[in-house]
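Asks: model this:
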Amino acid sequence: QVQPVESGGGSVQPGDSLTLSCTTPSHTFSTAAMAWFRQVPGKEREFLAQISHNGAVTEYANTVKGRCTISRDNAKNMLYLQMNRVQPEDTAVYLCAASATSWQNHQYSYWGQGTQVTVSS
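Replies: You can find the predicted model right below:
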């Protein structure tokens, strides 16, 4: 069972920081690239960041570069996304993805259900 499970979403105020977490109860966690995406109703799913299996390589979308940090702890089977200075336009369902089928095209095999982040004052 590889399906990721996200946590850490909720309601925050503009300017706050937030850390999302993701775990997948799989012995293959440490061998898989993982990523964060987000989706707003009526819009396409948006790639945010991805990280190689050992954490050595990361990639960020321009929309979040400098404001988000993706990290992982393979000993705990945990993936994280730290978001700083959140704004209302960051309101979305945040999705964790595991096991890249194409690093270049941001394509992944397994998806979590998502965790809602709402930014409002």
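Asks: need the contact list for the residue lying closest to T28 once chain neighbours are set aside.
Replies: Take T28 and drop its neighbours on the chain: the residue closest to it by C-beta to C-beta, 6 or more residues apart in numbering is V2, 6.7 Å away. The way it works is simple: take the backbone N, C-alpha and C, and place the C-beta from them, glycine included. Residues in contact with V2, defined by C-beta atoms under 8 Å, 6 or more residues apart in numbering, are 24, 26, 28, 32, 98-99, 109-110.
Asks: Next, count neighbours for the residue nearest to V40 when sequence neighbours are not counted.
Replies: Closest residue in space to V40, ignoring its immediate chain neighbours: A92 at 4.8 Å, by C-beta to C-beta, 6+ apart. Residues lying near A92 (other C-beta atoms under 10 Å) number 22.
Asks: what about A92, distance to F37?
Replies: 9 Å (C-beta to C-beta, to the nearest Å).
Asks: what stretches of this structure score poorly on pLDDT?
Replies: Under the criterion pLDDT under 70, the flagged ranges of the chain are 1.
Asks: Helix, strand or coil: sort out the residue nearest in space to the middle of the chain for me.
Replies: For the chain, W36 is the residue whose C-alpha lies nearest the centre (C-alpha atoms, centre = their mean; 2.4 Å). Under DSSP: H, G, I helix; E, B strand; the rest coil, W36 falls in the strand class.
Asks: Who does it form a beta bridge with?
Replies: Beta bridges link W36 to A49, C96, judged by DSSP bridges.
Asks: likewise M78?
Replies: Counting by DSSP bridges, the residues bridging with M78 are T23, D73.
Asks: you'd agree it is up against L20?
Replies: No. Look at M78 against L20 with C-beta atoms under 8 Å: they stay out of range, at 10.8 Å.
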